[in-house]
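[1] Provide a 3D model corresponding to the input given below.
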Amino acid sequence: MNARTAAIAELERRIGHSFSDRDLLERALTHASVGDGARAVRHYERLEFLGDRVLNLLAAERLMAEDAEAREGEMSRQLAALVNVGACARVAREIGLSPALRLSASATKVGARESENVLGDACEALIGALYLDAGLESARAFFDRAWASEFAQLNDPSVRDPKTQLQEWAQAQGLPLPTYRLAARQGPDHAPAFTVEVVVQGYAPERANGRSKQEAEKAAASAILSRHGSAA
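    Reported below is the predicted structural model:
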């Protein structure tokens, strides 16, 4: 048994399901870089599309079940925190998805296997594949286990996404939602650096850097929250 085969077996053990359709599982674990875009290679993007919808349904369903009095705005905030790429990437790491992925050598070389975006997308694809292979109840059982810590952290401001915190802070003051602008992109394609500016009406803009746009946006949100922490 080679390393990837062992990783796939461990992944199935952790998600609590052994796939009947092995081709479906393989597709869920195959990055678009494999085959250099050749049509013969089926990768996870279509399954990611499906998995995103399944994930949103399961999260919304559980939020409604857990608090019958919750308002739509609060549930929307919580839903965004549960289904964003960061949450999906954290789950992906916990279930050992990374070593089971199939990527091209070039994508692996530039760190795609540990990329938050890749892991988050692959996690959604896996949910889509699980739904197709075993139905909604199996997908729900996996979701309830894998997202337990995400639900536990929902109302802890110290662990919430800084962009979510900034949005809540702006809304609490009756301000428009923060806006983000890509100010610069530097470096080679395999190691880019992004500079993002965030603007909240009535406050000086803040800029921050990151290895991805999302990382830079989070850093900029954290910067403006830190500067105006007493208000936040």
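[2] packing partners for the lengthiest helix in the chain?
    Secondary structure of the chain per DSSP state H: the longest helix is helix 45-66. Helix 45-66 is packed against helix 22-28, helix 72-83, helix 116-134, helix 136-146, with contacts defined by 3 or more CB pairs under 8 Å, 6 or more residues apart in numbering; DSSP states H and E. Using the backbone N, CA and C atoms, a C-beta is placed for each residue, glycine as well.
[3] Show me what the lowest-mean-pLDDT helix or strand in the chain is in contact with.
    Using mean pLDDT, DSSP states H and E, the weakest-scoring helix or strand in the chain turns out to be helix 162-172, at a mean of 83. If you take CB atoms under 8 Å, 6 or more residues apart in numbering as the criterion, helix 162-172 is touched by 77, 80-81, 157, 176-178, 198, 200-201, 217-219, 221-222, 224-225, 228, 231-232.
[4] So which of these are in strands?
    Of the positions in the contacts of helix 162-172, Val198 sit in strands, assigned by DSSP state E.
[5] Generate a PyMOL selection restricted to the buried subset of the contacts of helix 162-172.
    Those of the contacts of helix 162-172 that count as buried under 16 or more other CB atoms under 10 Å are selected in PyMOL with:
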select buried, resi 77+81+178+198+200+217+218+219+221+222+224+225+232
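[6] before we move on, the earlier item: quick one: mean pLDDT for the longest helix of the chain?
    Average pLDDT, helix 45-66: 96.
[7] how about that helix: buried residues?
    Per 16+ other CB under 10 Å, helix 45-66 contains these buried residues: 47-48, 50-52, 54-55, 57-60, 62-63.
[8] Tell me which two of those sit farthest apart.
    Spatially, the most separated pair among the buried residues of helix 45-66 is Leu47 and Leu63, at 24.1 Å (CB to CB).
[9] which residues touch the spatially closest residue to Gln201 that is not a sequence neighbour?
    Nearest residue to Gln201, sequence neighbours excluded (CB to CB, 6 or more residues apart in numbering): Leu175, at 5.0 Å. The contact partners of Leu175, by CB under 8 Å, 6+ apart, come to 200-202.
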